[in-house]
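Asker: no FASTA, just this:
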């Protein structure tokens, strides 16, 4: 009988092709999460004209989606720790997909808001489980990159949503946009249910599922013996008996939990001030962008987010998360202030679109790498709960974003709107500086790919 410490084997093992495929499968769910999340902001300018309702009537509908995401983030994290990350993730995908299809048939702002809230529960539950699942498939050295590569698919999905809206709405109408946005994730979730495995660390704690774990570990390139007994060593720090929100506030984690929650709250708020309000700001009569032009502006912000998040993840592997994330936050503050003095001329958009690209890269870069930071802070026992709680608190910022953006716009016009980006990111900077367990600077060359014997943490079982 051989004892295999799953955590040690995965943390110190090789970064194999199979693991990369698993990350790709997880990332696909988040691309579609990002698409569905940004369909409504792109459709609202058209709904205002078609339904003859003023802009402010849609504020509650825009806020209800993030409110559902807040609840979904908390529930999804707890369910991921108790039922499995894969199960919670794919159930979340099916939830938001079915409800997105239902939105295509609504005829009132009230019903739109109700369905958007319910779809938000599914959207919110997907992200913490995707981040946790990605972090638990891969070696420690690649973890920040794997998590960020998964979460970066949120702005990638947002960019796709902007491009879809610019092409579909003028030709087929907004209802077709929601039909497409819902049917595709239903198909994907059905496929992934058959091919995506559960987290190895989760399976290691359930003896009845060890055969499933052995199959996954062998596919990942580890030579696991037939007579195996799986264990996972207790993490450093205070022991955790069960996954609960209270465990996040024991002395070992309290400061980091508070700082992470504040970081998520204000960073998600500023990102959703952009996502929920930018098309409305640009299509206002005094500015005069068309709906396709405003959707492409939001897409530019999301394209920048993809690049910024990937570069941020790569730099974190070299320099650690503290230097990287604080630098990106400072850069976002500067760019937001530049936007307050930039001309919003729909006939001359090159510099404006460039600023949206760069600013979106910095804002989304901080937000997406924050998931990797949260996954690093907490041990396996409470990782989904920790990430899910931080995201749930962040969703309160999401809920308030539509109101904060509207207030800034009504009181200060476009200048006040862009100034709010800078003010919120200043709070993010301070919050991130308070986190103690930042991802450390990496050292040493990457490990080559290929099969390996599970030699790390493998010992004869004492009988």
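Answerer: Thanks, I have it. If you're wondering where the values come from, they're calculated on a predicted model, not measured in any experiment. Numbering: from 1, shown residues only.
Asker: contacts, neighbours, all on C-alpha from now
Answerer: Will do.
Asker: For residue 133, grab the count of nearby residues.
Answerer: For residue 133, the neighbour count with other Cα atoms under 10 Å is 31.
Asker: The helix or strand where it lies: which residues count as buried?
Answerer: If you go by DSSP states H and E, residue 133 is part of helix 109-137. Under the neighbour-count criterion of 16 or more other Cα atoms under 10 Å, helix 109-137 has 112-137 buried.
Asker: Could you identify the helix or strand that succeeds that helix?
Answerer: Next along the chain from helix 109-137, counting by DSSP H and E, comes helix 143-151.
Asker: tell me the average confidence for that next one?
Answerer: Mean pLDDT, helix 143-151: 73.
Asker: and the helix or strand containing residue 372, what other elements does it pack with?
Answerer: Under the criterion of DSSP H and E, residue 372 resides in helix 350-377. Applying 3 or more Cα pairs under 8 Å, 6 or more residues apart in numbering; DSSP states H and E, one finds that helix 350-377 contacts helix 109-137, helix 143-151, helix 254-282, helix 291-319, helix 321-339, helix 383-434.
Asker: can you put those helices in CSV and add distance to residue 41?
Answerer: Listed next are the helices and strands packed on helix 350-377 as CSV, based on distance: least, Cα to Cα, whole Å:
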stretch, distance to residue 41
helix 109-137, 11
helix 143-151, 20
helix 254-282, 5
helix 291-319, 9
helix 321-339, 21
helix 383-434, 10
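Asker: Of those, which stretch is the most buried?
Answerer: Neighbour counts (mean count of other Cα atoms under 10 Å) averaged over each of the helices and strands packed on helix 350-377 peak at helix 143-151, with a mean of 29.
Asker: helices or strands next to that one in the packing?
Answerer: helix 17-37, helix 109-137, helix 291-319, helix 350-377.
Asker: Show residues contacting that helix.
Answerer: 23-24, 26-27, 30, 127, 130-132, 134-136, 138, 309-310, 313-314, 316-317, 368-369, 371-373, 376, 439 (Cα atoms under 8 Å, 6 or more residues apart in numbering).
Asker: Now stretch 293-308: average pLDDT?
Answerer: pLDDT averaged over stretch 293-308 gives 91.
Asker: Correction: the previous question concerned stretch 175-184.
Answerer: Stretch 175-184 comes out at a mean pLDDT of 94.
Asker: quick one: contacts of that stretch?
Answerer: By Cα under 8 Å, 6+ apart, the residues outside stretch 175-184 that reach it are 32, 35-36, 39, 96-105, 164-165, 168-169.
Asker: Let's see that with 7 Å instead.
Answerer: Residues outside stretch 175-184 that contact it (Cα atoms under 7 Å, 6 or more residues apart in numbering) are 35-36, 97-98, 100-101, 103-104, 165, 168-169.
Asker: Also stretch 15-29?
Answerer: 93, 130, 134, 137-139, 146, 150, 153, 196, 219-221, 449-450.
Asker: In those, find the pair that's most separated.
Answerer: Distance extremes for the contacts of stretch 15-29: the farthest pair is 93 and 450 at 32.7 Å, using Cα to Cα.
Asker: Those two - which one has more neighbours?
Answerer: residue 93 (28 against 13).
Asker: Quick check: that one vs residue 29, distance?
Answerer: To residue 29, residue 93 is 7 Å away according to Cα to Cα, to the nearest Å.
Asker: In terms of mean pLDDT, which of the helices and strands packed on helix 350-377 ranks lowest?
Answerer: When the helices and strands packed on helix 350-377 are compared by mean pLDDT, helix 143-151 comes last with a mean of 73.
Asker: quick check: angle from it to helix 291-319?
Answerer: Interaxial angle, helix 143-151 versus helix 291-319 (axes from the mean of the first three to the mean of the last three Cα atoms, to 10 degrees): 170 degrees.
Asker: quick one: helix 143-151 to chain centroid distance?
Answerer: Centroid separation for helix 143-151 versus its chain: 10 Å, with Cα atoms, centre = their mean, to the nearest Å.
Asker: what does stretch 55-68 give?
Answerer: With Cα atoms, centre = their mean, you get 20 Å for stretch 55-68.
Asker: Mind listing residues that contact it?
Answerer: By Cα under 7 Å, 6+ apart, the residues outside stretch 55-68 that reach it are 48, 109, 112-113, 116-121, 276, 395-396, 398-400, 402-403.
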